[in-house]
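In: Using only what follows, build the 3D model:
(3 chains)
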Amino acid sequence: MIALLIANSLALASLLIMLSSGLALIYGLRDVINFGHGALYMLGAYLGYSIALIGGFWVALVASPILLALLGVAFEYLVLRPLRGRSHIEVALVTLGLGIILGQALIFVYGGEARGVDAPRALAGSVQVFGLSYPLYRIFLIGMGLGSCGLLALWLRFSTSGLYVRAVSQDPSVARMMGVNSDRLSLLVTSLSAAFAGVAGVLAGPYLSVDPGMDVTMIVNCLIIVVIGGTGSIAGAIVAALLFGFVQVAGSVLLPDLAAIAPYVLLMAVLLIAPRGIGRGRVLS
Amino acid sequence: MLEIAKLSVSYGRVRALDAVDLTIRGEGVVHGVIGPNGAGKSTLLDAVTGRRSPTSGAVRYRGEDITRKSVAWRRRRGMARSFQRTSIFQDLTVREQLSLVARHLGDERAGDVIEVMNLGEYLDEKAGRIAYGVQRRVDVALALIGRPQMLLLDEPGAGLSAEETLNLFLHLRALVRERGIAAVVVEHDVDAVFACCDVVTVLDLGRHLATGAPAEIRADPRVISAYLGSAA
Amino acid sequence: MGARGGLLTASRAVTGRRPLVVILAVLLFALGALAPAHLVSEFVLRLGVEGLLLGMLALSVAFLMRQAGLVALGAASIYGGVGYLFAITMSEWDLSPTAALFAAFVIVIVYAAVLGALIVRTNPLAFMMLTLAAGEMVSHGVMLEGLRDYTSGADGLVVNFQGAIFGLQAADFASAPRFWPIAWSAAWVLGLAVYATGRSRFGAILRAVRENEERMRFSGFGTYLPRLIAFVFVNGVAAVAGLLHVLNSQFVSPESLGLSVSTNALVASLIGGAAGSIGPIAGGLFFAFAQDEFGAHGFTQLLTGVAIVVFIVLFPRGIVGGLIEAARRRTYLAPRRGEAP
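Out: As a prediction, the model looks like this:
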């Protein structure tokens, strides 16, 4: 029973980690919150749905993030760069507006009902784990989540660009003096973040559903996680996502009538105890 | 008036201040603090004014331990600070920002400050529209309101010419003498410091190196090798 | 120049135009309250009421943005939430409608104080995120299965009230021609209250904290309390608007407190320009009539998104604010002090 709880929490957390780390990266790097991140996720999901209809799940899993990465590039050049001089609040509001536009466009194209997406044949069905029967797809999801975590950590820790990202997040002015091209870095981070949203969107299809309103739900979840995790701290976001996943899942099992507000209670509790969030400082602390 | 006891401030693994002991006497003394870059001068001011919490050590102000007190609390008790990077209110006029602070600190004679800092003709200008040198004077003026007992000035001469800096220092010294307050001035312009300060402290790499009268410090071999070089 | 005596008593020539402005304002107020019922159709009046109510909500968003630099994305949760509380306190606590009004208001103020205490401490970006989260929390809250008995979940609550509130019956509040003067007066009162607060010393402190919080602390000011007070204040304004709304519509649903209402209020305040009180209210009216033009909800939301982007990028001062600024600039153009004109 506990094992089931933990497994389900991990599955949810995997999705959340993929989304929140993208948000936290941009936040740590540019002090910008992309309020349209949920809409990107929704786009990834709907695109995945459409592509899967033609080419199957796996094609969608590859194609959707690529397309979204391109959108991320466009976002960087058409939105973030031109608005560089403006206050962070103004940029955040612009991303909010763009997110609304994207969300509404998707509803317009696809209509207002939820779409079901089937898990690919290879991942349908259940597996016996620790004496329990558990959906294979969710194990795959957990694997993807852990994998992306691991890749992210490796990248930040051991690659040059990862080092630069950490440096710029710590102190943008010093890093720039040392010749770190924070523009190129920003482009990388933005497109990565969008790609991650694409992956998460496709993965979410068989697991949650593809419906209008998923953008708002997800952006709020991510925002809560980023705040709990602490400003732009990836490690904090990961811990926060795990916590969030657990609270959400445990809440729906133990107190189903009040489960919907469990994450908010968690948020308020964290704000009360640790106003700066869990993580210390910026990226990967 | 101000006692700094074994004060240490660390940022992660970097020790910006390392067990610094310092005593600032009051009553009309101008105490200069010099040292190479990274010596911890600004950090010292940050720790004393409450902007940074020290990792260890204590700050005592007029006998009271203020190590945990807030920035605003210290200001209301008469410990005022100016900033290396001018920190004023660009959208307010000079008059508006000075009077805002003056009313809060209950200082009706803020007119003194305007005269001392020579801001009379700029009173109704928006601070963002005046020349940089004047902005720096506003920065110092904001610190002077409320008749503080202790002034902590962070590179008041930054961005000013050598002559303007010297002028500023002379003004400050006169003010300090006249009001019988204490001033701690962190500064790069060593000449101005030696010309106008009564006591000089040298910091190096976060540690206290030497304290004494300007002439002593100037001649101190440790100071010369660490900072001044033979040209001093 | 009398610098010594002149600091705290900045001279400001009292214009002889003051009494004239006041007379004009009173005339405008009276006209606006009484004339429309005779001049336009009931449908237009209803739109007008909607616009005024949205405008009052926008007033609360605009004040916080302009004075404190904080964007509250959860304003609708107060606006709609107070309506729910009005209904629930009447049915659960058997309060008279008038008492329920006050009870709902007080509960909301307490909520705002508690929420504010938690979130005002954060940086403006985090504040924005947290108000969004808090707004969604309330949205989810009214939909909770566990609270269905009180809130009727997604169906919404029809709010009936018997008895008179300040001498008026429910039917009076529901009728657009009779409600218009009430809404109009409320808009004026709230508008003036917000304006006066902005011009007070409190407003000056808020703006100074917004501009340079650190220097304010170094000048002896606490910077937490002013923002908390401002937050509670604007939520009070939103609550008044919300109570008027529920008295008029006599219905609340999760849509009343949803994100789209919050973003509508945001757009209304951006249209009007966050400065002053006339802007947001004009923005609300503009929005209500525009929304009627554009029909479908989805399309309106799309346009809301577009409006947000357009107004931030191209017209940061809004339409009304931009016009005022343009008028001002025509009469006073000053080169930077010390530079050649």
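
In: Packing partners of the longest helix along chain C?
Out: Across chain C, the helix with the greatest residue count (assigned by DSSP state H) is helix C:224-249. Contacts defined by 3 or more Cβ pairs under 8 Å, 6 or more residues apart in numbering or on different chains; DSSP states H and E place helix C:224-249 against helix C:42-63, helix C:75-93, helix C:97-119, helix C:170-174, helix C:176-199, helix C:201-211. In short, each C-beta sits where N, CA and C put it, glycine included.

In: Going by mean pLDDT, which of these comes out lowest?
Out: Looking over these, mean pLDDT reaches its minimum on helix C:170-174, with a mean of 82.

In: which bits of chain B sit near chain A?
Out: For chain B, no residues are found near chain A under the criterion Cβ under 8 Å from any Cβ of the partner chain.

In: Which helix in chain B has the most residues?
Out: Using DSSP H, we find that the single longest helix of chain B is helix B:162-179.

In: Extract the residue ranges of chain B that are flagged as low pLDDT.
Out: Segments of chain B classed as low confidence (criterion: pLDDT under 70) are B:109, B:229-232.

In: Centre-most residue in it?
Out: In chain B, the centroid-proximal residue (Cα atoms, centre = their mean) is residue B:153; its distance is 1.6 Å.

In: Which element, helix or strand, includes that residue?
Out: Taking DSSP states H and E as the definition, one finds residue B:153 inside strand B:150-154.

In: quick one, what contacts residue 205?
Out: As the question left the chain open, I've gone with chain A. When the contact criterion is Cβ atoms under 8 Å, 6 or more residues apart in numbering or on different chains, the partners of residue A:205 are A:45, A:48-49, A:52, A:115, A:117.

In: hm, I was asking about chain C
Out: The neighbourhood of residue C:205, defined by Cβ under 8 Å, 6+ apart, consists of B:100, C:216, C:221, C:226.

In: got a list of what the last one touches?
Out: Applying Cβ under 8 Å, 6+ apart, we find residue C:226 in contact with C:68, C:202, C:205-206, C:209.

In: Out of these, which is nearest to chain B?
Out: Closest to chain B out of these is residue C:205 (7.1 Å), distances taken as Cβ to the nearest Cβ.

In: Can you list the residue ranges for strands in chain B?
Out: Assignment of strands within chain B using DSSP state E yields the ranges B:2-11, B:14-24, B:29-34, B:56-61, B:64-65, B:79-82, B:150-154, B:182-186, B:199-204, B:207-212.

In: Ignore what I typed, I meant chain A.
Out: With strands called from DSSP E, chain A shows them at A:126-129, A:132-135.

In: what residues does the stretch 1-150 of chain C put near chain A?
Out: Taking Cβ under 8 Å from any Cβ as the criterion, the stretch 1-150 of chain C approaches chain A at residues C:69, C:71, C:73, C:118-119, C:121-126, C:128-130, C:132-134, C:136-137, C:140-141, C:143-146.

In: Now with 10 Å, please.
Out: Contact residues, the stretch 1-150 of chain C versus chain A (Cβ under 10 Å from any Cβ of the partner chain): C:65, C:69-71, C:73, C:114-115, C:117-119, C:121-130, C:132-141, C:143-148.

In: hmm, back to that, please indicate which of the contacts of residue C:226 has the highest neighbour count?
Out: Comparing the contacts of residue C:226 on neighbour count, residue C:206 comes out first with 27 neighbours (neighbours: other Cβ atoms under 10 Å in any protein chain shown).

In: is it true that it touches residue C:229?
Out: Yes - in this structure, residue C:206 sits in contact with residue C:229. The criterion is Cβ atoms under 10 Å, and the distance is 8.8 Å.

In: shared neighbours of these two, which are they?
Out: A shared contact of residue C:206 and residue C:229, defined by Cβ atoms under 10 Å, 6 or more residues apart in numbering or on different chains, is any residue touching both; here these are C:68, C:197.

In: Find the closest residue to chain C in the stretch 151-285 of chain A.
Out: Ranked by Cβ to the nearest Cβ, the top residue of the stretch 151-285 of chain A for proximity to chain C is residue A:257, at 3.3 Å.

In: nearest residue to that residue other than its sequence neighbours?
Out: In space, not counting the residues next to it along the chain, residue A:257 is nearest to residue C:146; the distance is 3.3 Å by Cβ to Cβ, 6 or more residues apart in numbering or on different chains.

In: pretty sure that neighbour contacts residue A:251?
Out: No - under the contact definition of Cβ under 10 Å, residue C:146 does not touch residue A:251, with a separation of 11.7 Å.

In: Residue numbers of the stretch 151-300 of chain C in contact with chain A?
Out: Counting by Cβ under 10 Å from any Cβ, the positions of the stretch 151-300 of chain C adjacent to chain A are C:258-260, C:263, C:266-267, C:270, C:296-300.

In: List only those of the residues you listed flagged as buried.
Out: Neighbour-count burial within those applies to C:258-259, C:263, C:266-267, C:270, C:300; the criterion is 16 or more other Cβ atoms under 10 Å in any protein chain shown.

In: What about residue C:80, how many residues nearby?
Out: 29.

In: ignore the last one, residue C:88
Out: 21.

In: Likewise for residue A:112?
Out: Close neighbours of residue A:112, defined as other Cβ under 10 Å, add up to 10.

In: quick one, what contacts residue 153?
Out: With no chain named, the answer covers chain A. Under the criterion of Cβ under 10 Å, 6+ apart, the contact partners of residue A:153 comprise A:21, A:162, A:234-235, A:238, A:284.

In: To clarify, I was referring to chain C.
Out: Under the criterion of Cβ under 10 Å, 6+ apart, the contact partners of residue C:153 comprise C:142-145, C:147, C:253-254.

In: cutoff 8 Å now
Out: Residue C:153 makes contacts with C:142-145, C:147, C:254, as judged by Cβ under 8 Å, 6+ apart.

In: And for residue C:166?
Out: Residues in contact with residue C:166, defined by Cβ under 8 Å, 6+ apart, are residue C:98.

In: how much space is there between it and residue B:110?
Out: For residue C:166, the distance to residue B:110 under the criterion Cβ to Cβ, to the nearest Å works out to 48 Å.

In: swap in residue B:211?
Out: In this view, residue B:211 and residue B:110 are 34 Å apart by Cβ to Cβ.

In: Neighbour count for the two, which is higher?
Out: Neighbour totals were compared for residue B:211 and residue B:110, and residue B:110 leads with 23 against 19 (other Cβ under 10 Å).

In: Test my guess that the more buried one contacts residue B:145.
Out: Yes - taking Cβ atoms under 8 Å as the contact criterion, residue B:110 and residue B:145 are neighbours in contact, 5.5 Å apart.

In: Find the residues that touch each one of these two.
Out: Among the neighbours of residue B:110, those also in contact with residue B:145 (Cβ under 8 Å, 6+ apart) are B:98, B:102.

In: that older thread, looking at it, the residue nearest to the centre of chain B is touching residue B:84, isn't it?
Out: No - with contacts counted by Cβ under 8 Å, residue B:153 stays clear of residue B:84, the gap being 9.1 Å.
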